[in-house]
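1. What follows is a protein structure lacking sequence information:
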């Protein structure tokens with residue numbers, strides 16, 4: 001989405017993780033990496049909100065969470081970019 005709007009170089013995306021056992025520096029789970037890779041998203045080794053944590057629930061639940069995140073971003077992405085650029089939305 002960033003690349004589609006020419007903002008790929010201006011914005012860095014990171015995840016803080018929210019599982020109760022998640023700690024700084026932990027690698028994303030294999031399920032998360034697999035379903036995100038389906039959309040061309042490759043998580044870095046150093047790198048989820050109101051969207052339920054799919055931890056330990058398998059690829060199908062991770063896939064549903066990924067899709068929910070994408071729907072939320074589509075609705076608000078341009079407004080978020082305006083905030084990053086210091087513009088009024």
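-> Done, it's in. Just so we're clear, the structure is a prediction, and the values are computed from it rather than from any experiment.
2. Am I right that residue 81 is in contact with residue 8?
-> No: counting by CB atoms under 8 Å, residue 81 sits too far from residue 8 to count as a contact (11.2 Å). (C-beta placed from N, C-alpha, C; glycine too.)
3. element containing the closest residue to residue 80 other than its chain neighbours, please.
-> With sequence-adjacent residues excluded and distances taken as CB to CB, 6 or more residues apart in numbering, residue 80 is closest to residue 73, at 7.9 Å. Element membership for residue 73, per DSSP states H and E: helix 59-84.
4. Give the other helices and strands that that helix contacts.
-> helix 30-37 (3 or more CB pairs under 8 Å, 6 or more residues apart in numbering; DSSP states H and E).
5. helices or strands next to the helix it packs on in the packing?
-> helix 59-84.
6. So what angle separates the directions of the helix it packs on and helix 30-37?
-> 60 degrees (axes from the mean of the first three to the mean of the last three CA atoms, to 10 degrees).
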